[in-house]
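*Asks:* Got a predicted structure plus its sequence, pasted below:
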Amino acid sequence: MSTRQRPEELSVKDVRPVLFYDSGLGGLTVLREARYLLPYERLVYVADDAAFPIGRWPEEDLLVRLQDQFTPLIEDHDPKAVVIACNTAFTLGGEALREAFPGVPFVGTVPAIKPAAERTASGLISVLATPGTVRRAYTRSLIESFAAQCHVRLVGSDNLAELAEQHLCGEPVSDEALLPEISDCFLEQNGQRTDIVVLACTHYPFLANRFRKIAPWPVDWLDPAEAIARQLVRVLGQDLASVPSESPDLAILTSGARKPAIERLLAGFGLALMPGCELMPKSV
């Protein structure tokens, strides 16, 4: 049974960590922004690389996996808040996780359709996402609620998350590999052009400079990481750490893999890789 304290029992010097979860390394874009705003918080980053890429998982299997992963994570780390730094995971499982762990504040990641609709001049918006996020009813409800006056094109990429991971690990990724993944984002209609592309996968901002180089015309590549970090600050409220943590910020790879390139990358984000950190093997 968890020993988590109720909010009224917590000290203002709450030293519990903030937990970040993603299917791989993409959530580091969110962790980076969070560290700017919350320099004293202790951070634990979980990369579910055993299941990567989760955008291809059947929904029922992915829901089970999320529940199975978070049960030991929350029991072991007792986080003061959890950031689901993954559109695919949160748009499918966010509400179920909140119901399963009602004492834990969850901060989600959803496609930034509302700010895109507010900023567009042409009315033509594209949402670049994983196939899983594109399929979600959650994504379509965001469009209906906030962008009904716009033409929103959903573009599901099968390969971009994996290409982003290769890029992060220093492996070569060619323009020829990237261009087919983003080309459907660009639409010309009635004398107007797409002017905003929502990056609806936290991996994609790592490739944004490459996208700018190969895009047929300039667009605003909308990265939600800063907005997610600001929401985390609001959720933490009075539980903000006021002094530096005595414990290191940690990374967990659910595969238990130890790859020098990934360890160097994580170190660059201020994270020490936990040894012996396998949680659950990939099941599908």
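*Replies:* Everything's here; your move.

*Asks:* In which helix or strand does residue 234 reside?
*Replies:* Per DSSP states H and E, residue 234 falls inside helix 225-236.

*Asks:* Now do that helix: which elements does it pack against?
*Replies:* Here helix 225-236 touches helix 28-37, strand 81-84, strand 106-107, going by 3 or more Cβ pairs under 8 Å, 6 or more residues apart in numbering; DSSP states H and E. C-beta: built from backbone N, CA, C; applies to glycine.

*Asks:* I'd like the ones you listed laid out as TSV, including mean pLDDT.
*Replies:* Below are those laid out as TSV (pLDDT from 0 to 100):
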stretch	mean pLDDT
helix 28-37	94
strand 81-84	96
strand 106-107	96
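
*Asks:* Could you dump the ones you listed into JSON lines and include mean neighbour count and distance to residue 125?
*Replies:* Formatted as JSON lines, the helices and strands packed on helix 225-236 follow (neighbours: other Cβ atoms under 10 Å; distance: least, Cβ to Cβ, whole Å):
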{"stretch": "helix 28-37", "mean neighbour count": "21", "distance to residue 125": "20"}
{"stretch": "strand 81-84", "mean neighbour count": "26", "distance to residue 125": "23"}
{"stretch": "strand 106-107", "mean neighbour count": "22", "distance to residue 125": "24"}
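
*Asks:* how about the nearest residue to residue 56, chain neighbours excluded?
*Replies:* Distance criterion Cβ to Cβ, 6 or more residues apart in numbering; nearest residue to residue 56, sequence neighbours excluded, is residue 131 at 6.6 Å.

*Asks:* Look up how far residue 154 lies from the one you found.
*Replies:* 10 Å (Cβ to Cβ, to the nearest Å).

*Asks:* who's more crowded, the two?
*Replies:* Remark: of residue 131 and residue 154, residue 154 carries more neighbours, 22 against 14, as counted by other Cβ atoms under 10 Å.

*Asks:* Below-threshold pLDDT in this structure: ranges please.
*Replies:* Across the chain, the ranges flagged by pLDDT under 70 are 1-13, 275-284.

*Asks:* Name the SS class of the residue lying closest to residue 207 once chain neighbours are set aside, please.
*Replies:* Excluding the flanking residues, the one nearest residue 207 by Cβ to Cβ, 6+ apart is residue 164, at 5.3 Å. What DSSP: H, G, I helix; E, B strand; the rest coil gives for residue 164 is helix.

*Asks:* Hmm, residue 199 and residue 164 touching each other?
*Replies:* No - taking Cβ atoms under 8 Å as the definition, residue 164 is not a contact partner of residue 199, at 10.4 Å.

*Asks:* Residue 98 falls within a helix, correct?
*Replies:* Yes - the assignment for residue 98 is a helix, going by three-state DSSP.

*Asks:* Return the residues in contact with the closest residue to it other than its chain neighbours.
*Replies:* Nearest non-adjacent residue to residue 98, counting by Cβ to Cβ, 6+ apart: residue 106, 5.3 Å away. By Cβ atoms under 8 Å, 6 or more residues apart in numbering, the contact set of residue 106 is 81-84, 94, 97-98.

*Asks:* ok, now with 6 Å
*Replies:* Contact analysis of residue 106 by Cβ atoms under 6 Å, 6 or more residues apart in numbering lists 82, 97-98.

*Asks:* Of those residues, which is the nearest to residue 168?
*Replies:* residue 82 (22.9 Å; Cβ to Cβ).

*Asks:* Tell me if I'm right that the closest one and residue 20 touch.
*Replies:* No - Residue 82 is beyond contact range of residue 20, at 7.8 Å (criterion: Cβ atoms under 6 Å).

*Asks:* Touching the helix holding residue 234 from outside, list them.
*Replies:* 29-30, 33-34, 37, 81, 83, 105, 107, 109.

*Asks:* Ok, stretch 240-259 next?
*Replies:* Residues from elsewhere that reach stretch 240-259 (Cβ under 6 Å, 6+ apart): 40-50, 266, 270-274, 277-279.
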